[in-house]
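>>> curious how this folds, go ahead:
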Amino acid sequence: MQRAIRRLLVFFILVFFVQAKATHNRAGEITYKRIAPYTKVLPNGQVVQVFTYSITITKYTNHGELVADRPIDTVYFGDGELQRVRRINGPLNCGYFNGPIGCGEIIISDPTYTVKLNTYTVTHTYSAPGNYLIRTLDPNRNAGVKNIPNSDSYPFYIESLLVINFFTGANSSPVFTFRPIDKACMGVCFEHNPGAYDPDGDSLSYELTDPRGKGGLSVPFYTQPYAAPPGTGTFKIDPITGLLSWCVPGLDPNNEINTGIGEYNMAFIVSEWRKNTSGKYEKIGHVLRDMQVLVEACNNRPPSIDVPPDICIEAGKTVSATLVVRDPDHGDFVTVEGGGGSFEATAPIAIYSPKSGHTYTSTGSSFNVLYQWGTTCDHIRSQPYYTTFKVTDDGHGDIATKLSAFRTFKIKVIPPSVKNVTAVPAGTTMKIGWDPAICNPKTNPLISYKIFRKEDCSPYTPDPCNLILPEQSGYKYLDSVGYNVTTFTDNNSGDGLVIGQDYSYVVVAQYYDGSRAASSVPICARLKRDVPVILNVDVKSTSSGNGSVWIRWARPLKTPGNLDTMVFAGPYQFNLKYKYKNSKEYKQLFNITKPFLSQLDTQYTHVNVNTVDSALEYIVEFISDKDTLGSSQKAGSVFLTATPSDRKINLQWSAKTPWINSKYTIMRKDATSNGYQLLASTTSTTYADTTNVINDSTYCYYII
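Sure, this is the predicted structure:
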């Protein structure tokens, strides 16, 4: 009996010992990175993708003799597999499991507050695309968390969502710059920013969530940290910059259990987004960060830092800015840290100095920090670089209570604009040329040039940040050409440009991830009058077989800047050609050849044609000796259709002309009229005739 009691007593002691040593988890997150090889060749020669990821668990724990240590942790990959993973950081003398086991690193060692950093890394290959929830669950949280009653009774859970599909490609999770362990003072606004950046340049968003426990569910009885004063205090996170603010830690007069001095846990999710093939943003993963803040009673106020407004810059130029650091407490020593954005970009990264300074004089004194970033073509991407600065004081005499503040600004690196755009008229076309783009990085290659046109030469100053796009300044998108093409012929979709019309052009470089350069400097030009210009296409009589159309055109001009008769001498020819609207090829209708340009006829009546079923189109080809110099723009007759209704006739017409039809005149004849009479004028191409229209009566119309 005594032996049984002794055994039972030993059992309870062991249980208590194990339980006491299990209360240690404070904060953490899981990150992942896709690693090579990205493809492999099967025995049959087929190339398939390989989805291998390096997965890192980062945890912040208590440390001490009676605190549990976790030299080996377990990760669940989300595909039904799990693996025990050894700790890799710190001195490698804490055991051996598939290699030496690290002891972790003590990052905070105050008399009553110790924090250890633990890092576990493992490689895992997924067999196929899918959504995988990577997670780890560990007993238990540390004891005494104010806003989680009985916190040491609940497991510590963190997760990250990995989305693998052929759209996302080689995707990696966001990475955090600043640790999720911090301190706050009662009655003073607290700030935290993870300094997150995405290695792939994806867009990030932030949202608060509950700390998680068993099964990934919210920890029971968790409450958000209380913010004083009641009703006006705030606890929130900026969804774009990731700035978490708690203003202010205080004491809830109605509930002192989860307020006041002590440790608090909070959690937020960082989601990454990427544009899919339809141009819409699609979520491609997230990371859940669980963090802890120690609130103390202290006589300290945080420093501050003024950062520049958001910046937009062409790749290849240097960003320079002066940041101002202040501390309201005279004599505090302030340390400056930069993270995310330009500090995690492809080399070269941003630099700044000094990284610390002293407020020497009195409250409100400051020192300047010089920030510089020399951008290159490799920095071009559609998403801005969110650069975060953290300033931390030395505790204002209390070294254990350092306070921090964060500020973020964004830098958009855009491709340099296309240079030296030219426009050379040729007949009824304009030949556009430009210099090859300066930037064509391998990671974000140039894919095309976009050409835009405006039908005047009004001023247009391209904005370096595309805030005013060509489309918003009256320009019409024409077409795109490949990255290795630097010319484009504008023939107005085959219809030819208008002689005498001013045309302005800009060219924009487009990159793989959707980045676009600022518009080129516009170039303005006008077609030369070195080809004929059609002036009239008039239907003189309407018939399905005996209709007639009168065509008139103007000769090319022999004035300077137009037709050079010394270069292009006679004899000269006009070839008038026609086709019905839905036909593909033009037919020869009329030809005339003369020694001198002034001898050429400039009109012709086309007879015995069907003007009832279709409009007709005409062009005039111009030949000097044996050289075809070009053709006029296409010109067509007005084609009218009439649809009867109840005491109404709906008219609709169309016309393809090399001139601008600014007004249409509608002529009508009925059974009581001696001839056609003016009905109405309009700028539209439709008209509803309701003027004394009688059912079962016949009405005839034509359009001028």
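
>>> from residue 402, how far off is the residue nearest the centre of the chain?
The residue lying closest to the centre of the chain (C-alpha atoms, centre = their mean) is residue 382, at 4.6 Å. Distance, residue 382 to residue 402, using C-beta to C-beta, to the nearest Å: 38 Å. In this view, the C-beta of every residue, glycine as well, is placed from N, C-alpha and C.

>>> quick one, strands of the stretch 551-700 of the chain?
572-580, 587-594, 603-609, 616-624, 627-631, 635-636, 639-645, 648-654, 664-670, 677-682, 686-689, 699-703 (DSSP state E, counting those that start in this stretch).

>>> okay, now the sheet partners of the last one, with direction.
Strand 699-703 has these partner strands in its sheet, going by DSSP bridges: strand 664-670 (antiparallel).

>>> the fourth one now?
The sheet places strand 616-624 alongside strand 572-580 (antiparallel), strand 627-631 (antiparallel), strand 635-636 (antiparallel), with pairing taken from DSSP bridges.

>>> list the buried residues of the first one.
This means strand 572-580. 572-579 (16 or more other C-beta atoms under 10 Å).

>>> return the distance of that strand from the chain's centre.
50 Å (C-alpha atoms, centre = their mean, to the nearest Å).

>>> how about stretch 609-617?
50 Å.

>>> buried residues, that stretch. List them.
609, 611, 614-617.

>>> can you get me the start-to-end distance on that stretch?
Terminal residues of stretch 609-617 lie 12 Å apart, using C-alpha to C-alpha, to the nearest Å.

>>> model confidence over that stretch, on average?
Mean per-residue pLDDT for stretch 609-617: 92.

>>> which residues touch that stretch?
Defining contact as C-beta atoms under 8 Å, 6 or more residues apart in numbering, one finds that stretch 609-617 is touched by 537, 539, 541-545, 547-549, 578-582, 586, 606, 634-639, 654-656.

>>> what about this structure, any weak spots by pLDDT?
For the chain, the stretches flagged by pLDDT under 70 are 1-23, 330, 356-364, 397-400, 466-467.

>>> where does residue 500 land in three-state SS?
coil (DSSP: H, G, I helix; E, B strand; the rest coil).

>>> brain fart, residue 386
With three-state DSSP as the criterion, residue 386 reads strand.

>>> hang on, isn't it packed against residue 410?
Yes - in terms of C-beta atoms under 8 Å, residue 386 counts as a neighbour of residue 410; the distance is 5.1 Å.

>>> who touches both of the two?
residue 341.

>>> compare those two (neighbour count), which wins?
The residue with more neighbours, out of residue 386 and residue 410, is residue 386; 24 against 17, by other C-beta atoms under 10 Å.

>>> may I see the buried residues of the longest strand along the chain?
Criterion DSSP state E: the longest strand present in the chain is strand 281-296. For strand 281-296, a neighbour-count test (16+ other C-beta under 10 Å) marks 284-296 as buried.

>>> so which of those is the closest to residue 475?
Ranked by distance to residue 475 (C-beta to C-beta), those are led by residue 284 at 33.7 Å.

>>> tell me the contacts of the closest one?
Going by C-beta under 8 Å, 6+ apart, the list of residues near residue 284 reads 163, 167-168, 171, 202, 272-274.

>>> how much space separates it from residue 354?
39 Å.

>>> what's the answer for residue 147, then?
38 Å.

>>> who has more neighbours out of these two?
Remark: of residue 147 and residue 354, residue 147 carries more neighbours, 21 against 12, as counted by other C-beta under 10 Å.

>>> just checking, residue 339 touches residue 175?
No - with contacts counted by C-beta under 8 Å, residue 339 stays clear of residue 175, the gap being 9.9 Å.

>>> what's the overlap in contacts for these two?
residue 197.

>>> which one of the buried residues of strand 281-296 is nearest to residue 47?
Out of the buried residues of strand 281-296, the member with the shortest distance to residue 47 (by C-beta to C-beta) is residue 284, at 23.2 Å.

>>> against residue 321, how distant is the closest one?
32 Å.

>>> contact partners for residue 164?
By C-beta under 8 Å, 6+ apart, the neighbours of residue 164 are 51, 126, 128-132, 171.

>>> try it again at 7 Å.
Contacts for residue 164 (C-beta atoms under 7 Å, 6 or more residues apart in numbering) come out as 51, 126, 129-130, 132.

>>> again with residue 219
Contacts of residue 219 by C-beta under 7 Å, 6+ apart are 148, 154, 210-213.

>>> kindly report the same for residue 205.
Per C-beta under 7 Å, 6+ apart, neighbours of residue 205: 239, 271, 273.

>>> among those, which are in helices?
Among these, no member falls in helices (DSSP state H).

>>> mind putting the residues you listed into CSV with distance to residue 370 and neighbour count?
Shown next, in CSV, are the contacts of residue 205 (distance: C-beta to C-beta, whole Å; neighbours: other C-beta atoms under 10 Å):
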residue, distance to residue 370, neighbour count
239, 31, 13
271, 34, 18
273, 34, 18
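
>>> ok, the residues you listed vs residue 670, which is closest?
Once C-beta to C-beta is applied, the member of those that ends up nearest residue 670 is residue 273, at 64.6 Å.

>>> quick one: that closest one from residue 380, how far?
Counting by C-beta to C-beta - residue 273 and residue 380 are separated by 19 Å.

>>> do residue 696 as well
70 Å.

>>> for the two, indicate the residue with more neighbours.
Higher neighbour count among residue 696 and residue 380: residue 380, with 29 against 5, using other C-beta under 10 Å.

>>> can you name the residues that contact that one?
315, 413-415, 439, 441, 444, 511, 515.

>>> got it, and residue 287?
Taking C-beta under 7 Å, 6+ apart as the test, what residue 287 contacts is 29-31, 160, 173-174, 270.

>>> pretty sure residue 491 sits against residue 429.
Yes - contact criterion C-beta atoms under 7 Å: residue 491 and residue 429 qualify, at 4.5 Å.

>>> for those two, indicate the residue with more neighbours.
residue 429 (19 against 15).

>>> follow-up on the earlier one: I'd like the buried residues of stretch 609-617 as JSON lines, with distance to residue 40 appended.
Shown next, in JSON lines, are these (distance: C-beta to C-beta, whole Å):
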{"residue": "609", "distance to residue 40": "67"}
{"residue": "611", "distance to residue 40": "68"}
{"residue": "614", "distance to residue 40": "60"}
{"residue": "615", "distance to residue 40": "61"}
{"residue": "616", "distance to residue 40": "63"}
{"residue": "617", "distance to residue 40": "58"}
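
>>> just give me the closest of these to residue 181.
Distances from residue 181 to the buried residues of stretch 609-617, taken by C-beta to C-beta, are shortest for residue 617, at 76.5 Å.

>>> next, count neighbours for residue 625.
11.

>>> can you show me the helices along the stretch 1-150 of the chain?
2-20 (DSSP state H, counting those that start in this stretch).

>>> circling back to that earlier point, quick check: the farthest pair among the contacts of residue 380?
The most distant members of the contacts of residue 380, if one measures by C-beta to C-beta, are 414 and 441, lying 12.9 Å apart.

>>> looking at these two, which one has more neighbours?
residue 414 (25 against 18).

>>> right, and the helix or strand after the longest strand of the chain?
Downstream of strand 281-296, the next assigned helix or strand under DSSP states H and E is strand 304-306.

>>> next secondary structure after that following strand?
strand 311-314.

>>> what are the buried residues along that next one?
311-314.

>>> ok, residues contacting that strand?
So strand 311-314 is contacted by 319, 375, 409, 411-414, 416, 464-465 (C-beta under 7 Å, 6+ apart).

>>> who wins on neighbours among those?
Going by other C-beta under 10 Å, residue 413 tops the contacts of strand 311-314 with 27 neighbours.

>>> residues contacting that residue?
313, 315, 375, 379-381, 385.
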